[in-house]
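Enquirer: Mind folding the following:
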Amino acid sequence: MSVAGSLSSTIGLAERPDLRVGPLDISPSTRAILGPGGRQVVEPRVMQVLLALADADGRVVSRERLFELCWGGVNVGEDSLNRAVAELRRVTRHIGGGELLIETVPRVGYRLVSPALPEPEVRSLNTQKLPPPAPRLSRRAALVGGAALVAGSAWWALRPDPVSARVDALLEQGMLAARSGLPDAEAQGAGFFEEAVKLQPDNAKAWGKLALARTAMAEFGAPDQITQASASAQQAAARALALEPNQADAQGALAILPPYYGDWTNAERRMRAVLADHPDHPPTRDALAFMLVGTGRAREGSADRVRMAALDPLNVNQQFRLIYAHWILGNVGAMDRAAERALQLWPKHPGVWFARLYTLAFTGRPNRALAHAEDAASRPDLPPALMQASLAAVTALVSGKASDRASATEMLLRTVVRGPSGSVNGMTLLAGIGEVDRAFDLANAYLLERGPLMASVRWRRGDASINDARRRKTHPLFIPSSAAMREDPRFMPLVEQIGLADYWRAAGVKPDFLR
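Expert: Down below sits the predicted model:
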């Protein structure tokens, strides 16, 4: 079964009506849970697990069934379900006053039970047509004793912790901001996490999220901000790990933070060490998948990207990179569908816009790419020189004229002194329009700082704010549009000189183009 097909069977949240389960009021569409202990917004997967258990009316739901209902049968690690259940237990314990429990049935699955209610009637509070049944104690209720009943009847006397509720809200706001994939929003997200750790200094999760946010800022920040952001990321990670030695976000931040150009072996070792403990940690999986593409293992990285992106359809970084993943894997139909979804959600996001430009231009549809580039109303707010050079390249692809190609080449090469985004864009487009000699000139300038061209390898104000172009990147060498470069005798000396051949030998792997 394809990933796209299997996801159609998952529990939808937008169309589900609000419901009441035990003491909790649940809003699936907003992912909010309200109870005597306060209100909390949970991740989509956690809400899906809760709904799957509630739909079972107190019966056991197998782990296999939960994977089908909440992950669409996509092959993910067991830890994904374990984490979702653990988070759901934490939330229901925190705001449910102990009146709703998630029982583990060993080697089978889980069920939702309420000590103060008859066992088969967990969902009965969702109806307003019938009066509640006559009270009777389940065996579980008898074991729990009168304390649970007292807590259930007097939940109104329990005062919610306003600090914890505020921290939970800040974490949710910060994570939503990080999903946008834009520097300003990421910086705003870091601000939410900073406020959270001030309110609750012993919250390991908040410190871990702050470490990740500061790691992102070290990637896209202005030169005068990078050192501070990097130091802050390390400090936040250290604080999180002091509170919780296995904190996933902190470990991931420390693995991702060091630049890995020329140090791919150690970078992969760091990331895989994190994933050994946290197989589904999204930022680390994202960083590793991106690095694999940039080291010539593009099919491997792209296959994992497809699996990963299905788990977080509202994360723009995952979704625009999914477009490239399908392109690399040769799945043009899936690529187009991913691009259409991304454009509907984030029509002016730079990553989405460029992904669509490249994939239209270099899958035999340059006229459509030109129309995409000429639509001023949908273009992102990027430096005019970068946009004009990109438009010129697609125009040359459509016309096939040598004069247009020469003009586009000149414009593209003028952008490379402004920052890394010009070089990344230039290598992609020059190779794609057949200017292979100039693409090699640019690769040598940008990756090795050699030759007559002067290409900036440091971001500066006024350059495009695209997160994955702030450090030196090699992925333009391994995407479909640069096939002519890989077939050229100059390619192997280039990858030898930048250290990729050493990495392949150390890792015991062959890049895709040598298989």
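Enquirer: Show me where this structure has its strands.
Expert: Using DSSP state E, the strands of the chain run over residues 19-21, 24-27, 32-35, 38-41, 61-62, 101-105, 109-113.
Enquirer: wait, which of these is closest to Gly262?
Expert: Among the strands of the chain, the nearest to Gly262 by CB to CB is strand 38-41 (41.5 Å). Just so you know, the C-beta spots here come from the backbone N, C-alpha and C atoms, and that holds for glycine as well.
Enquirer: Can you name the residues in contact with that closest one?
Expert: Contact partners of strand 38-41, identified using CB atoms under 8 Å, 6 or more residues apart in numbering, comprise 30-33, 91, 94-95, 160-161, 164-165, 168-169, 172.
Enquirer: so what strands line up beside that strand?
Expert: strand 32-35 (antiparallel) (DSSP bridges).
Enquirer: Now the residue nearest the centre of the chain: closest residue in space that isn't a chain neighbour?
Expert: Residue closest to the mean C-alpha point of the chain, counted by CA atoms, centre = their mean, is Gln318 at 4.5 Å. Excluding the flanking residues, the one nearest Gln318 by CB to CB, 6 or more residues apart in numbering is Ala309, at 4.4 Å.
Enquirer: hang on, that neighbour packs against Ile323?
Expert: No - contact criterion CB atoms under 8 Å: Ala309 and Ile323 do not qualify, at 9.5 Å.
Enquirer: tell me, what's touching these two both at once?
Expert: Taking CB under 8 Å, 6+ apart as the criterion, Ala309 and Ile323 both touch Ala338.
Enquirer: Those two: who's more crowded?
Expert: Ile323 (28 against 24; other CB atoms under 10 Å).
Enquirer: quick one: pLDDT of that one?
Expert: With respect to pLDDT, Ile323 scores 97.
Enquirer: burial of the residue nearest to it when sequence neighbours are not counted, as a residue count?
Expert: Among residues not flanking Ile323 along the chain, Ala355 sits closest, at 4.1 Å (CB to CB, 6+ apart). By other CB under 10 Å, 23 other residues sit near Ala355.
Enquirer: going forward can the numbers begin at 553, since that is how I track them
Expert: Renumbered: residue one is now 553, and that last one reads Ala907.
Enquirer: gap between Ala907 and Tyr998?
Expert: 20 Å (CB to CB, to the nearest Å).
Enquirer: next one: Ala730
Expert: From Ala730 to Tyr998 the distance is 28 Å (CB to CB).
Enquirer: now swap in Asp720 and tell me
Expert: Distance of Asp720 to Tyr998, computed by CB to CB: 44 Å.
Enquirer: Please apply the same query to Ala739.
Expert: Taking CB to CB as the measure, Ala739 falls 26 Å from Tyr998.
Enquirer: Would you format the contacts of strand 590-593 as a markdown table with pLDDT, distance to Leu764 and neighbour count included?
Expert: Listed next are the contacts of strand 590-593 as a markdown table, based on pLDDT from 0 to 100; distance: CB to CB, whole Å; neighbours: other CB atoms under 10 Å:
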| residue | pLDDT | distance to Leu764 | neighbour count |
| --- | --- | --- | --- |
| Thr582 | 82 | 24 | 12 |
| Arg583 | 84 | 21 | 19 |
| Ala584 | 86 | 24 | 16 |
| Ile585 | 88 | 25 | 26 |
| Val643 | 83 | 21 | 23 |
| His646 | 77 | 23 | 18 |
| Ile647 | 81 | 26 | 24 |
| Pro712 | 52 | 28 | 15 |
| Asp713 | 62 | 25 | 15 |
| Ser716 | 83 | 21 | 17 |
| Ala717 | 85 | 23 | 16 |
| Asp720 | 88 | 17 | 24 |
| Ala721 | 87 | 18 | 16 |
| Glu724 | 87 | 15 | 17 |
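Enquirer: Which members of those residues occur in helices, if any?
Expert: Among those, DSSP state H puts 643, 646-647, 716-717, 720-721, 724 in helices.
Enquirer: Can you tell me which of those residues is nearest Pro575?
Expert: Distances from Pro575 to the ones in helices among the contacts of strand 590-593, taken by CB to CB, are shortest for Ile647, at 8.6 Å.
Enquirer: Is there a neighbour count for the closest residue to Val612 other than its chain neighbours? I'd like the number.
Expert: Nearest residue to Val612, sequence neighbours excluded (CB to CB, 6+ apart): Arg663, at 4.6 Å. By other CB under 10 Å, the residues close to Arg663 number 19.
Enquirer: Please apply the same query to Arg889.
Expert: With other CB under 10 Å as criterion, Arg889 counts 15.
Enquirer: Repeat that for Gln1049.
Expert: Counted with other CB under 10 Å, Gln1049 comes out at 13.
Enquirer: How much space separates the residue lying closest to it once chain neighbours are set aside from Ile985?
Expert: Nearest residue to Gln1049, sequence neighbours excluded (CB to CB, 6+ apart): Leu1000, at 5.9 Å. Per CB to CB, Leu1000 is found 23 Å from Ile985.
Enquirer: How about Leu764?
Expert: Using CB to CB, Leu764 is found at 38 Å from Ile985.
Enquirer: Likewise for Asn634?
Expert: Counting by CB to CB - Asn634 and Ile985 are separated by 49 Å.
Enquirer: same deal with Val594?
Expert: 48 Å.
Enquirer: With neighbour numbers in mind, choose between Leu764 and Ile985.
Expert: Set Leu764 next to Ile985 and count neighbours by other CB under 10 Å: Leu764 wins out with 31 against 26.
Enquirer: show me the contacts for the more buried one.
Expert: 730, 785, 801, 804-805, 808, 835.
Enquirer: Arg857 is in contact with Asp864, correct?
Expert: No - assessed by CB under 8 Å, Asp864 is found out of contact with Arg857, at 11.4 Å.
Enquirer: show me what contacts the residue nearest to the centre of the chain?
Expert: Neighbouring residues of Gln870 by CB under 8 Å, 6+ apart: 834, 838, 857, 860-861, 864.
Enquirer: neighbours around Arg821, how many?
Expert: Count around Arg821 with other CB under 10 Å applied: 12.
Enquirer: And the pLDDT for it?
Expert: In this model, Arg821 is scored at 96, pLDDT.
Enquirer: Against Gln803, how distant is it?
Expert: Using CB to CB, Arg821 is found at 13 Å from Gln803.
Enquirer: for Val719, same thing?
Expert: 21 Å.
Enquirer: low-scoring stretches of the stretch 903-1052 of the chain, by residue?
Expert: 1008-1023 (pLDDT under 70).
Enquirer: which residues of it fall in helices?
Expert: Along the stretch 903-1052 of the chain, counting by DSSP state H, counting those that start in this stretch, helices occupy 918-926, 936-951, 954-967, 972-984, 988-995, 1035-1038, 1043-1049, 1052-1059.
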